[in-house]
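1. give me a model of this one.
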Amino acid sequence: GLTPGQVARQMLRVFQDSDPPVFPTGLVVEVAVVRTHGDAFYVGLNGIEFYDASGAKIDLGPSNVTAVPASLNDLPDVAARGGGDIRTPDKLVDGVNNTFDAEHIWLAPFTAGQENSIFFVVHTPVTISMVKFWNYSRTPARGAAEIRLSVDGQVAYQGYLRKAPASQSDPRATDFCQTILFNGDGGVMAAEKARVYSAREEQHVLLVDERKV
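-> Below is the predicted model:
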C-alpha cells in the first residue's frame, strides 16, 4: 500500500523524479553532479540549503563544505597564475543564492562522463527534511542538470534540476529555488509545491498538451 506521504503527494500533485526516503539521517551528504545543462567544460551552482526534521535551516559554514574538483583554481593554468577565482565551494553556503553575482556562486571544471562531487560534512548526525537548490545563473548551461544525493553513502535521491533563468528580467529570476522533499507532511508539501520540479512530470504534461493540439 501507499505511505501517508505518497498519498499526500498524489493528492497535492507534488511529483519528484524519485521517491526519496523520509528524513534520512547522517554525517556526510554528497551531491554528485552527473551532467550539466549542456556545457562540456564547467559546472556550477549558486547555493544549497539543508533543513532539519523541524523545518529549520541547518547552519553550515565554509568548513562544512568541499568539492572535487573544488573550483577553477584546480586548473593548472589558473593555479600557475596563483589561483584567485572567487567561485569556490564556500559560496554554496554563504546564504546569497537567488543571485547573478559571481561573488556568491560556485564553478568548477567538468568532464563529460565523469561526476563532480560536493561534500557537506557535520560532526553530529543531522536529519534532513528537505534540500533547496539554486542552479548556476551566470551561464545557465553550466548549471547542474542531473544529480544524485547520498547520505552516509546511501543514495537518497536521483533526479534533475531546472535550468536557472537566463537573465534578471526573466519572471523566474525573483525566486528560482528548487526544493527536494524528504518529508511526508502535507503542509510542507503544499508550502513547497511551486518549488518542486519533476523532469518526468514535465515531459508527461508536454505529451498530454501535444495530444490536445
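2. so in terms of bridging, what pairs with the residue positioned nearest the centre of the chain?
-> For the chain, the residue nearest the mean C-alpha position is residue 133 (3.6 Å; C-alpha atoms, centre = their mean). Assessed by DSSP bridges, residue 133 has beta-bridge partners residue 48, residue 178.
3. residue 119 too?
-> According to DSSP bridges, beta-bridge pairing links residue 119 with residue 30, residue 66.
4. ok, it to residue 145 distance?
-> Counting by C-beta to C-beta, to the nearest Å, the gap from residue 119 to residue 145 is 20 Å. For the C-beta atoms, the positions are set from N, CA and C on the backbone; glycine is no exception.
5. and what of residue 80?
-> Counting by C-beta to C-beta, the gap from residue 80 to residue 145 is 31 Å.
6. do the same with residue 116
-> 12 Å.
7. residue 144: which element?
-> strand 144-151 (DSSP states H and E).
8. can you list the strands that that strand pairs with?
-> Here, using DSSP bridges, strand 144-151 pairs with strand 25-36 (antiparallel), strand 154-160 (antiparallel).
9. distance from the chain centre to the shortest one, please.
-> In other words, strand 154-160. Distance of strand 154-160 from the chain centroid (C-alpha atoms, centre = their mean, to the nearest Å) equals 11 Å.
10. what's next to that strand, contact-wise?
-> 16-18, 20-21, 24, 26, 128, 131, 145-150, 180, 182, 197-199 (C-beta atoms under 8 Å, 6 or more residues apart in numbering).
11. more crowded one of residue 119 and residue 145?
-> residue 145 (19 against 16; other C-beta atoms under 10 Å).
12. who's in contact with the more buried one?
-> 34-38, 160-161, 163.
13. of all those, which two lie farthest apart?
-> 34 and 163 (15.0 Å; C-beta to C-beta).
14. of those two, which one has the most company?
-> residue 163 (20 against 16).
15. picking up where we left off before, distance of the residue nearest to the centre of the chain relative to residue 70?
-> For residue 133, the distance to residue 70 - C-beta to C-beta - is 19 Å.
16. isn't there a helix covering residue 45?
-> No: under DSSP: H, G, I helix; E, B strand; the rest coil, residue 45 sits outside any helix and is assigned strand.
17. buried sites along the strand holding residue 144?
-> Neighbour counts using 16 or more other C-beta atoms under 10 Å place 144-151 of strand 144-151 among the buried residues.
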